[in-house]
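1. no FASTA, just this:
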């Protein structure tokens, strides 16, 4: 029995989770690797091979690493659970005129849930992932803070994790940069692993064509929504579109209709199949409301506090004040205008490098 304890490591077969397992093994933990089979492309009606974290090659890579390092490896098939919770929500959000955030839901409701359940069955005190983030206990709260590598920081997608989950979670890569992780793999003789690329697509939309995915997933959707109106900010009809689910807030390209000056998607009205277009300045917002709030650093918030708020993953964040409204939503008041606020996406708030919490942007 290891003095450090027993840890179940989520291993996708990629470089980050592989090095995470290596580091924990070196630190003296008793490591068990677990690879989750979440999805296969054929089930969506596509023709491409399964790619990314769900490919057979990556599963085999994870297993091979575990065998070479001398620890157990398990494959867990959660495709049915993943489809019900994540893919169905993804479709429903677009049909509701919102832009979904599947990675946040997957982390919160699928991956951590599956890891913790299996960890309990295997007698593991801890679970671990290859996310670039850090976690610590402070004042009886478990707090996530940004990873050392600002370019790779993944705290944004972890806002939904519960205190119970965080109490057992390890992030071995939080204090390293991505180049350092690649060097570690190369130095250990895993040259091919060290050069593995990264996937930025949604795992079940590996061709990055979410519109095609929706058309395959929802029978008759294209015919049902085709021919809706483009309207300007005053409500005047200025053209026809291909269906409101196929547009996202801030979109400029692919509007089909030619205008004298650049137009952007400002608002989506699913009930009437209307897409509102405007200028880039019309995208500006100073207030954002957030639902389904999950607090991390503090058990509760004052009426108003300063925070750095981010409205998308690659957003650098903007200075703001945040506070809870009477209806339970959180209000972000930005000091300067921000653009591209998309209902359904995540908004997160920081106190320095510490994650205060997050939620979904409301309409």
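-> Noted; the coordinates are in hand. Given the structure is predicted, the values throughout are model-derived calculations rather than measurements.
2. Which of the helices and strands in the protein ranks last by mean pLDDT?
-> Lowest on mean pLDDT, DSSP states H and E among the helices and strands of the chain sits helix 79-82, with a mean of 87.
3. quick one: that helix to chain centroid distance?
-> Mean-position distance between helix 79-82 and its chain equals 17 Å (Cα atoms, centre = their mean, to the nearest Å).
4. Could you look up the next helix or strand downstream of it?
-> Beyond helix 79-82 in the direction of the C-terminus, DSSP states H and E gives the next helix or strand as helix 88-95.
5. Contacts for that next one next, please.
-> Helix 88-95 is contacted from outside by 99-100, 102, 105, 202, 204, 210, 214, 217-218, 245, 270, 344, using Cβ atoms under 8 Å, 6 or more residues apart in numbering. In this view, the C-beta of every residue, glycine as well, is placed from N, C-alpha and C.
6. what about residue 123, neighbour count?
-> 12 (other Cβ atoms under 10 Å).
7. tell me the contacts of it?
-> Contacts for residue 123 (Cβ under 8 Å, 6+ apart) come out as residue 6.
8. picking that back up, and the least confident helix or strand of the chain, what does it pack against?
-> Of the remaining helices and strands, none touches helix 79-82 by 3 or more Cβ pairs under 8 Å, 6 or more residues apart in numbering; DSSP states H and E.
9. Per-residue pLDDT of residue 200, please?
-> We have a pLDDT of 64 for residue 200.
10. The chain - how does it break down into domains?
-> With automatic domain parsing as the criterion, the domains of the chain are listed as 6-130+172-194, 225-279, 283-361.
11. Indicate which one of the ones you listed is closest to residue 160.
-> Closest of the domains of the chain to residue 160 is domain 6-130+172-194, at 3.4 Å (criterion: Cβ to Cβ).
12. Just the buried residues of the least confident helix or strand of the chain, please?
-> Burial within helix 79-82, assessed by neighbour count using 16 or more other Cβ atoms under 10 Å, is assigned to 79, 81, 82.
13. which among the residues you listed gets closest to residue 314?
-> Nearest to residue 314 among the buried residues of helix 79-82, counting by Cβ to Cβ, is residue 82 at 24.7 Å.
14. Of the contacts of helix 88-95, which pair is most distant in space?
-> Using Cβ to Cβ, these span at most 22.3 Å, a distance reached by 204 and 270.
15. quick one: residue 33 from residue 69, how far?
-> Taking Cβ to Cβ, to the nearest Å as the measure, residue 33 falls 9 Å from residue 69.
16. neighbour count winner among these two?
-> Taking neighbours as other Cβ under 10 Å, residue 33 and residue 69 compare with residue 33 leading, 27 against 16.
17. which residues touch that one?
-> By Cβ under 8 Å, 6+ apart, the contact list for residue 33 reads 8, 9, 11, 21, 62, 63, 65, 66, 71, 72, 73, 74.
18. Return the distance of the closest residue to residue 246 other than its chain neighbours relative to residue 248.
-> Distance criterion Cβ to Cβ, 6 or more residues apart in numbering; nearest residue to residue 246, sequence neighbours excluded, is residue 211 at 4.7 Å. Applying Cβ to Cβ, one obtains 10 Å for the distance of residue 211 from residue 248.
19. cool, residue 339 as well?
-> For residue 339 relative to residue 248 (Cβ to Cβ), the value is 13 Å.
20. more crowded one of the two?
-> Ranked by neighbour count (other Cβ under 10 Å), residue 339 and residue 248 place residue 248 first, with 17 against 14.
21. I'd say residue 334 and residue 284 touch.
-> No. Judged on Cβ atoms under 8 Å, residue 334 makes no contact with residue 284 at a distance of 9.8 Å.
22. okay, the two: which has more neighbours?
-> Using other Cβ under 10 Å as the criterion, residue 334 and residue 284 rank with residue 334 on top: 18 against 14.
23. Pull the contacting residues for residue 198.
-> When contacts are counted by Cβ under 8 Å, 6+ apart, residue 198 touches residue 14.
24. which SS class is it?
-> Reduced to three states with DSSP: H, G, I helix; E, B strand; the rest coil, the structure at residue 198 is coil.
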